[in-house]
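**Q** kindly return the folded structure for what I paste below:
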Amino acid sequence: FRERLRRSDKPDRVFEISLEAARAAGLVGHKRVLDSTPLYDAVATMDTITLIRSAIRNLLKVADSSLRDSLVRVLTSGDDYASSAKPTIDWDDTDAQIELIDSRAKDAYACLVVLEATELTPEVNQAAHLLATVVGQDLEQ
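**A** Alright, predicted model coming up:
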């Protein structure tokens, strides 16, 4: 969110709108503190593993049973993607984190390969596009 705002045509618009509201409320000129936390926390923050797992889970949800079976066959991580809970690993272990992300990225790419040769419904196409966007933006080679 912050990066998109910074790159936009009006990167200061949140501040400007907040300032306008403060002026309208008669708060400008008085010593007040504006905490931006509520503004930034209004956007859900998701980490890479949550984004990938959510995109795969959504893809499996919108796929018909035949396509879902084809997708499940290529999942090699052992994750069934049924739960939104993060997998249990030692989150302080960098190698474990890398292995987790790598295994879910492989699942994502395998799903996208299956979809390349498939006629997609609009819902599946949208879910596939989201999955491709997530792995394309959130992962480094």
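**Q** CA atoms for contacts and neighbours, from now on please.
**A** Will do.
**Q** tell me where the chain has helices.
**A** For the chain, the helices defined by DSSP state H occupy 2-7, 13-24, 37-41, 48-62, 65-74, 94-116, 122-138.
**Q** turn those helices into CSV, including mean pLDDT.
**A** Formatted as CSV, the helices of the chain follow (pLDDT from 0 to 100):
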stretch, mean pLDDT
helix 2-7, 76
helix 13-24, 82
helix 37-41, 50
helix 48-62, 92
helix 65-74, 95
helix 94-116, 92
helix 122-138, 90
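**Q** which one of the ones you listed is the most hemmed in?
**A** helix 48-62 (a mean of 21; mean count of other C-alpha atoms under 10 Å).
**Q** chain center to that helix, what's the gap?
**A** Distance, stretch centre to chain centre, for helix 48-62: 9 Å (C-alpha atoms, centre = their mean, to the nearest Å).
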